[in-house]
Every structure is written in structure tokens, then in C-alpha cells.
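Peer 1: Coordinates for the following, if possible.
(chains A and B)
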There are 2 protein chains.
Amino acid sequence: MSACGAEYGLISIDQALSLIQQRAQAGCVEIIDLNSALHRYLAESVYSNINLPMFSQSAVDGYAIHADDVIQADSTFALIGEIRAGQSAEFELKHGQAVRIFTGAQIPNGTTTIARQEIVKAVNSKFVDSERIDPKSEETKSITLTDNLKAHADIRDIGEEISVGQCLAEKGQQLTAGAIAALSMAGIQQVLVFQYPKVAVVITGDEVAEMVEDFASGKIFDANAPLIQAWFKQRNHTVEIFHVADTELAVKTLLDDLSQNYQLILTTGGVSVGDYDFIRPVALDLGFEQIFWKVKQKPGKPMFFAELQKTDQTSCYLLGLPGNPAAVYVGMQIYTSTLLDALQGQASSLQWFSAELSHDLKADARERFLRMSVQFDQAKLKVQSLAKQQSHMLSNLMQANCLVRIPAGEQIEAGQIVQGIFI
Amino acid sequence: MSACGAEYGLISIDQALSLIQQRAQAGCVEIIDLNSALHRYLAESVYSNINLPMFSQSAVDGYAIHADDVIQADSTFALIGEIRAGQSAEFELKHGQAVRIFTGAQIPNGTTTIARQEIVKAVNSKFVDSERIDPKSEETKSITLTDNLKAHADIRDIGEEISVGQCLAEKGQQLTAGAIAALSMAGIQQVLVFQYPKVAVVITGDEVAEMVEDFASGKIFDANAPLIQAWFKQRNHTVEIFHVADTELAVKTLLDDLSQNYQLILTTGGVSVGDYDFIRPVALDLGFEQIFWKVKQKPGKPMFFAELQKTDQTSCYLLGLPGNPAAVYVGMQIYTSTLLDALQGQASSLQWFSAELSHDLKADARERFLRMSVQFDQAKLKVQSLAKQQSHMLSNLMQANCLVRIPAGEQIEAGQIVQGIFI
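Peer 2: Presented below is the predicted three-dimensional model:
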């Protein structure tokens, strides 16, 4: 049996993802301010209490007019007032009358159309020769159109976008900046969302120098804690990071404690079969049930996923990522992402693209995630692998903009279609 | 002249973007902790002070061996000790000797190859029949290989990824989570980055109900402040939001004050030619120089960009977005994004994809940004427009995943290649 060859008993990437989705249960829901809900998922559909637009309004700066059907150029209307955006239109426009109006302002009853200011000139005014009139001037008493005007021009009708009772966003909708804006516009100020799991991160490995002062021969600088911290920060979440020594007692004490207070424990390192790999045996000892261990993938083969069912009927999940930084990177982008979605009641939000591989790739017995560069060429996606793909190397993340999944088995030919995600 | 037709004197989208890039000057640079530098741009290239790996190390759990060239199966080596990850290897391995070693541990001098533990069995040990030996047992004194082993197997050589002095990241590199991890691994803890501009956001429009209590007939709920706030939050930045009444005095007082304390003022509304559109006249009055006003685009035609050169040789920039929420959305994604990059010394980081349009689109005299849905079909991107594209509508942002740029002029046929960005 080779470390890189056919390995019996290992599950596939798809099986691992599917087990995560099956086993991870959503936690509680909570009501929060919409302005704090970025990236969260709605736990119920949201319906509108209002029409959008809330009232019929002008789409332009111009004049609201009451007239019959089409208006011919040179028609004249008596100017009876002005309505600014934010003012209510409390009077009724009668036949032959016009009112100065601005974009977004409520049109008065009786309005049949809007003349944008570019086709209006004033008469009985000192601005008679100008294309633009001054409605504040007392001398402006009527307006004349310089062009024909159809009925119902430049009116935004009440409810033309959304009617009262209409669904604004469905359960499960992720609240992007755009979704938050759209809900705000409909007056929504609070939303029921799935709780975001409380996450603890455990960095194992006596070789990891936690601080510069710890640095000594045989030690390495840590990439995993900064990576995971930044990954969560990008998603506007903070996590607590714990470092633990490679002893059974230290690992056991920490995991026991964390499992009582967190919904998810992410660990790096210590999940292989080395003599100092304590994460898995300790977790099993603490009552975690193994959901899977070892995935037929590169990087990240010894990944471990387990669940502790607690006496209060809640669970603590443990995702044990291998310690190599490339395995942690893939683990976060693919598995942690899917797990966090599942813990919020969602199918994976991973957006797989399909792309054409620009070159041949050697066969590998394991499915691989390769850091690549994607380019768009006349509506076609083409991906190209980068150098330095080994699991202890990360430097190509300066150039990589996607993570591409390469099937196991035969050599892959240039032109083959592969799946990937943008990173 | 029509509001939607050919409009003389308007600049194109490309001209507007190019003027932003030409005129916006980067501010200062600062040294910050790498862990706080997410999304920032490097102001100088970063070179490595170390080799990566820092020392030659084992890539697997197994045994470091000193032997000649290829080793035949059944060869036996004396087991002289153990080196764990994080320990230094202070002795020299002699011919015929082996040492127990773990992934990432420093290999001792004299190591010629690594035997992964799967091809090793112990002799002179009570575990003689097991595939796995217990190095902690005093009875384990030698190991035997069960397979042939080539020289220099499973060794990660010192400096094979990065050598001392090598460039880790170039000036201008944006610090993603992956980039932060890669720099951390090389021991980098602080970085020189461009300062992120101090941004003030001014929401104009007397129709905007700032709070529910302000709500009255003719008023609307505000989408713009929540949108801009969430947009910056997604990028891990906070901005200060100011609401201002539609009076010349209020706008002037506020802009005068903000221009002294911020590098960038973003405004929404008040930039058209309505009688209560005070942003532009007030800015010009305060000494801002107009860089452009009005872009031949939909939504967002009346966009205004100006610069105030201050006596201390620094500048305050003002980007005046129209008040319609769709114009604000496009303004943020396309123009504010480009401007923030320019203020950090960078070309625009907008990643334009090319995609095939799935359907015909009516001609329009202005270039348009349409909210669309993109799908991947056998390495090809296909985009489809969504309903409710008008500038006062945002509800399609629940479905949209891209913003597509549609050329002005003729009708667009299905199959035509268009450019877009993911949102």
C-alpha cells in the first residue's frame, strides 16, 4: 500500500461533502438587526408590508400635468405649485394644470403624465426664452411643452416593483449587501436568521512557533492560525484560536473544555497516524462519534469529522484538518465552508464553475485540488495550474485565483472540462 | 434632446474610469501587523529572510535512513532514536542506521532517504509480526523494509519552495487570506501597505426617512445607507454615514467640514439638475474642481467626480452618486471600487469576465449595467438578464450574481459576447 496509490477504505470528496451536509444540523435561529445580518441566511421568508414604490411618483425632474391622452407640442398649462421629494401631494391637479415636481416626489391626484423639464419652457416669465424655468419666480405662471408628450410618461406606479404581501426574500436567502439594501428599501429592519455557529480553532504541532520568541531549531512559523483568522475575517466573523502541545493530556483537556462551549471545533494537524497525532483518539475518547476519517484527496487525506451529542440535545462538531498549510487552505475553502453552511441549515454555497484545462496533467491515484489561474477567453473559462502545489507550500496563492478539482485516475488531457471555485 | 437619447457632452464609462484612475492619488503608506492587513495592498515588495522549508525535513511519518543509493526490500537498519516535529536533529546518522521521524521533523545529517512507515516492519521486537512498530518500546532495536526504496524519497529539501532573499510578494499585491498565510509561513509579521482612505458617506434627499419615526407621507425607506455600509463591511472597513437636509446651507456646512477630515466623500443623490440638487454647486463653491459630471450610462447618468486640493498638499475627493438605489449599487461596484483602488495606488481590481448573452436585448442610447444571472455551461459563461432593472428597483439583487455591461447603440443579439463582474 502506497501513501499516494490506491487506498482502500478512504471515502471520496463527494462522499465527505455529503456526510458533512447530512450530519451537521442547523442550530437555533435569532432575530437581529438587518444592518448586522451581512452574510447570514434567512430562517424564514420575508414578505412586504408595503408597496414599492410606496406611492406613485415622478421618475424625473419636471412637471406633473393633468391632460387628456397625448399632449401636442406648444400646449400650455397653468403652473399651480411645486412638490419636492419627501413632501406629500395633498391637492388634486385639475385639467389644464401642472405642478413642478422632482424625481421621487409623490404625484398629486389627477396627474395623467409627467413632462420632463427638458421639454418644457415657461411663459409669462422673465425666463421665457430659456429652456429651463424658475418655478420659484412669481412671474412663472404657466408652462408650455416644446415636444409632444404621451400619457403616463415618467410615472413610477405605486406597487409596480413589489405589492403588499409579496415575498421579498425566501427562507435560506443569503444576505449580501444587495439583499440588505433591497430589504431596507421595503422597510425591513430586523430579520430572523440562523445563528452563526460559535467556532473554536485549535492549532496543534510542537513544531509551530507561536511567537517569534518561541523560535528554535526544528520549529517553523505558523501559517495556519493567520490563514484561518483571515478566512473568517473575510466573512466578517471572528474565531478564537487556541494552541495546544502535542501531548494526549493537553489535547484532551482542551477539547473537553471546548466541546462544552462551542458548536464547532476546527483543528489543524494531529489527525494522521503519527505517534503524536492525538486529535482523533482523544475525540473518540471524549465521546465524539467518527463520521469519517481520511478522504481520497490531495492535499488533506487524513481529514477527520466527528460529532459529540451532548446531554442538552445539542451537538459539537469537530473538523480535524491535517497540519500542512495547503491542506488547511483546501479544508477551509471546501469543507469548512460547506460545514458552516450546513450548521446554518443550508446546502453548500460553493459555486462550482466549469473550465477548460489549458494543459495535460499527470495521472494521480487521488482526486486533487490544484491552485490555478483562471482566464476568460471569449466567454470561455480556461484554467492553468501553478507551480509549487505540494501540501507544505503556499507561495502560489499570490497568483492563484481558483481552486480546481482534478479527477483521480488517468492522465488528464488539455481541453478537458474540470470544476473549480474562485478563491 | 431626450433624457434617454443621444446626450452631447457626456463622457463614456471608460472615460470616467480612466479619469478616476488618473486623478486619484494614493495617500500615505503605513506599517501594520500582517494579521490586520486583510484586503490591503503592499506598498513595497516583500523578500524572504529565510529558506522555505527552513530545514530539510520529512514529508511523512516514517524513518530517516542512511544507506547507499537504492535500498532493496528486506534490508535492515539499526534504530537509534526518534525525532519529533519541532525537535532539532542534533546527531549524525551513520551508514546502516535509521531514526524514527515524523512529518515536518528535521532530518538528521547523514539522511539519504525516508522510509514511510507503511513499508517498514520491526525486528528484534515483540511487534515483529506487525506492520507497525512501537518506537517507544525498548525492544525495538532495528527495522526492516518490506519494499524497495529509492534514494532521497519523501524528503522536503531546505529552500525548495523559497530561498533567502527571494521575492515573496510584489508591491501592489493584495493581501488575501491566502497571501497572508503564505507571508506568515515565511515569518513575515508586519507589512508596509497603502493607507486605506478615510471615507465619509453623505446621504441626501428629504424623502429619505432616516428612522421609522421620521416616516411620513411622501417619504421612503432608505436603501442607500444600508447598502453602502454593508458594501464596506464586506471589505472589512467601516464608514461614517451622515444624513443631510436638501438645503444649500446644510449641504455646504457638512461638505466643508468633511472635506477637512476625510480623503473621500461619497454622496448619494443631489447631483442632477433639480432645483434641490446642491451637491455639485456647493462642492464647486467650496473649491472642488470638477473632474467629470454625467456619464453616458444607465443607471447613474448624473454621477459627479471632483477633487479639492488642500493647503497641506493633500486632496479630498468627492464621488457624487445619483440617489436612485440601483445607481448607487452600480456606483459602488464599479466606480467606488476603482476609486478606492486608485487611492491605494492601484489599477482597478475589477475582474471583468466575458460571457455569452443568452437572449436579445433592446437597443439603448446609453451603455447599461444590467443585473444578471450567470451560469457555467461546459466551460462557457452564459448570462441572462433579470426583470426589474429600473434605477429605483433593487429586488432582483436577491437573484443576481453579476453585473453586465451592455454596449450602447444597436440591438444586442443573443450569443453576443459581453463583459461583466461577479457581485
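Peer 1: Verify the contact between residue A:177 and residue B:234 for me.
Peer 2: Yes: counting by CB atoms under 8 Å, residue A:177 touches residue B:234, with 5.7 Å between them. (C-beta placed from N, C-alpha, C; glycine too.)
Peer 1: Up against chain B, what does the stretch 201-350 of chain A have?
Peer 2: Within the stretch 201-350 of chain A, the residues that sit near chain B (CB under 8 Å from any CB of the partner chain) are A:205-208, A:212, A:216-227, A:229-231, A:233-234, A:236, A:246, A:272-276, A:323-325, A:328-329.
Peer 1: Drop anything exposed from these.
Peer 2: The neighbour-count test (16 or more other CB atoms under 10 Å in any protein chain shown) applied to those identifies A:205-208, A:218-227, A:229-231, A:233-234, A:236, A:246, A:272, A:274-276, A:323-325, A:328-329 as buried.
Peer 1: For chain A, give me the ranges with low pLDDT.
Peer 2: A:1-7, A:124-140, A:211-214 (pLDDT under 70).
Peer 1: Which residues does the lengthiest strand in it contact?
Peer 2: Assignment by DSSP state E gives strand A:367-377 as the longest strand of chain A. Contacts to strand A:367-377, defined as CB atoms under 8 Å, 6 or more residues apart in numbering or on different chains, come from residues A:12-13, A:296-300, A:326, A:330, A:334, A:353, A:355, A:361, A:381-386, A:389, A:396-397, A:399-408, A:420, A:422-423, B:352-355, B:381.
Peer 1: Spit out the contact partners of the residue nearest to residue A:70 when sequence neighbours are not counted.
Peer 2: Nearest non-adjacent residue to residue A:70, counting by CB to CB, 6 or more residues apart in numbering or on different chains: residue A:150, 5.4 Å away. Neighbour list for residue A:150: A:70, A:71, A:113 [criterion: CB under 8 Å, 6+ apart].
Peer 1: Tell me which of those fall in strands.
Peer 2: Mapping the contacts of residue A:150 onto strands (DSSP E) picks out residue A:113.
Peer 1: Distance to residue A:61 and neighbour count added to the contacts of residue A:150, as a markdown table?
Peer 2: Output for the contacts of residue A:150, formatted as a markdown table (distance: CB to CB, whole Å; neighbours: other CB atoms under 10 Å in any protein chain shown):
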| residue | distance to residue A:61 | neighbour count |
| --- | --- | --- |
| A:70 | 22 | 12 |
| A:71 | 18 | 21 |
| A:113 | 15 | 22 |
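Peer 1: Regarding the residue in the stretch 301-423 of chain A that chain B sits nearest to, what is its secondary structure?
Peer 2: Closest residue of the stretch 301-423 of chain A to chain B, CB to the nearest CB: residue A:397 (3.2 Å). Secondary structure, DSSP: H, G, I helix; E, B strand; the rest coil: residue A:397 is helix.
Peer 1: ok, now how distant is it from residue A:372?
Peer 2: According to CB to CB, to the nearest Å, residue A:397 and residue A:372 sit 11 Å apart.
Peer 1: Likewise for residue A:176?
Peer 2: 26 Å.
Peer 1: Between these two, which has more neighbouring residues?
Peer 2: More neighbours surround residue A:372 than the other of residue A:176 and residue A:372, with 26 against 19 (other CB atoms under 10 Å in any protein chain shown).
Peer 1: Which positions are bridged to that one in the beta structure?
Peer 2: Beta bridges link residue A:372 to residue A:385, residue A:402, judged by DSSP bridges.
Peer 1: what helix or strand does residue A:178 sit in?
Peer 2: helix A:177-185 (DSSP states H and E).
Peer 1: on that earlier part again, which one of the contacts of residue A:150 is nearest to chain B?
Peer 2: Lowest distance from chain B to those (CB to the nearest CB) belongs to residue A:113, with 14.2 Å.
Peer 1: thinking that closest one is in contact with residue A:153, fair?
Peer 2: Yes: counting by CB under 8 Å, residue A:113 does reach residue A:153; the two are 4.8 Å apart.
Peer 1: before we move on, back to that, need the contact partners of whichever helix or strand comes after the helix holding residue A:178.
Peer 2: Later in the chain than helix A:177-185, the nearest helix or strand by DSSP H and E is strand A:190-194. Strand A:190-194 has contacts (CB under 8 Å, 6+ apart) with A:26-34, A:37, A:40-44, A:46, A:175, A:183, A:343-346.
Peer 1: Find residues that contact each of residue A:177 and residue B:234.
Peer 2: residue A:38.
Peer 1: And the contacts of the top helix by length along chain A?
Peer 2: In chain A, with assignment by DSSP state H, the single longest helix is helix A:248-261. Contacts with helix A:248-261, where a contact means CB under 8 Å, 6+ apart, come from A:198, A:200, A:202, A:204, A:242, A:244-245, A:265, A:270, A:278-279, A:281-283, A:285-286, A:288, A:308, A:310, A:316, A:318.
Peer 1: That helix: which residues count as buried?
Peer 2: By neighbour count on 16+ other CB under 10 Å, the buried set for helix A:248-261 is A:251, A:252, A:254, A:255, A:258, A:259.
Peer 1: dump the residue contacts of residue A:412.
Peer 2: Going by CB under 8 Å, 6+ apart, the list of residues near residue A:412 reads A:357, A:360, A:361, A:363, A:406, A:418.
Peer 1: Neighbours of the second one, how many?
Peer 2: Think residue A:360. When counting by other CB under 10 Å, one arrives at 12 neighbours for residue A:360.
Peer 1: same thing with the first one?
Peer 2: Residue A:357 is flanked by 23 other residues according to other CB under 10 Å.
Peer 1: Contacts only, for it.
Peer 2: Shown in contact with residue A:357 (CB under 8 Å, 6+ apart): A:382, A:383, A:404, A:412, A:413, A:414, A:415, A:416, A:417, A:418.
Peer 1: Can you give the domain ranges for chain A?
Peer 2: A:13-27+A:197-342, A:32-52+A:168-194, A:57-156, A:353-422 (automatic domain parsing).
Peer 1: Now distance to residue B:96 too, for those domains, in a markdown table please.
Peer 2: Shown next, in a markdown table, are these (distance: least, CB to CB, whole Å):
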| stretch | distance to residue B:96 |
| --- | --- |
| domain A:13-27+A:197-342 | 23 |
| domain A:32-52+A:168-194 | 59 |
| domain A:57-156 | 88 |
| domain A:353-422 | 29 |
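Peer 1: who wins for proximity to residue B:103 among these?
Peer 2: Closest approach to residue B:103 among the domains of chain A is made by domain A:13-27+A:197-342 (6.5 Å; CB to CB).
Peer 1: Start and end of the closest one, how far apart?
Peer 2: Start and end residues of domain A:13-27+A:197-342 are separated by 16 Å (CA to CA, to the nearest Å).
Peer 1: Helices of chain A, start to end?
Peer 2: Using DSSP H, helices in chain A cover A:13-23, A:177-185, A:224-234, A:248-261, A:279-285, A:325-330, A:337-342.
Peer 1: okay if I get those helices as CSV plus distance to residue A:88?
Peer 2: What follows is the helices of chain A, written out as CSV (distance: least, CB to CB, whole Å):
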stretch, distance to residue A:88
helix A:13-23, 52
helix A:177-185, 19
helix A:224-234, 45
helix A:248-261, 54
helix A:279-285, 64
helix A:325-330, 57
helix A:337-342, 45
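Peer 1: Which one of those helices lies nearest to residue A:55?
Peer 2: The nearest among the helices of chain A, by CB to CB, is helix A:177-185 at 13.9 Å.
Peer 1: Please report how far residue A:335 lies from residue A:264.
Peer 2: Distance of residue A:335 to residue A:264, computed by CB to CB: 12 Å.
Peer 1: who touches both of these two?
Peer 2: residue A:319.
Peer 1: tell me which parts of the stretch 1-150 of chain A are close to chain B?
Peer 2: A:1-3, A:34-35, A:38-39, A:52-55, A:59-61, A:83-89, A:100, A:102-106, A:116-118, A:132, A:135-136.
Peer 1: List only buried entries from those residues.
Peer 2: By 16+ other CB under 10 Å, these give A:3, A:34, A:38-39, A:52-55, A:59-61, A:83-87, A:89, A:100, A:102-106, A:116-118, A:135 as buried.
Peer 1: Among these, name the ones in strands.
Peer 2: A:83, A:100, A:116.
Peer 1: Chain B: which of these is nearest?
Peer 2: Once CB to the nearest CB is applied, the member of those that ends up nearest chain B is residue A:116, at 5.4 Å.
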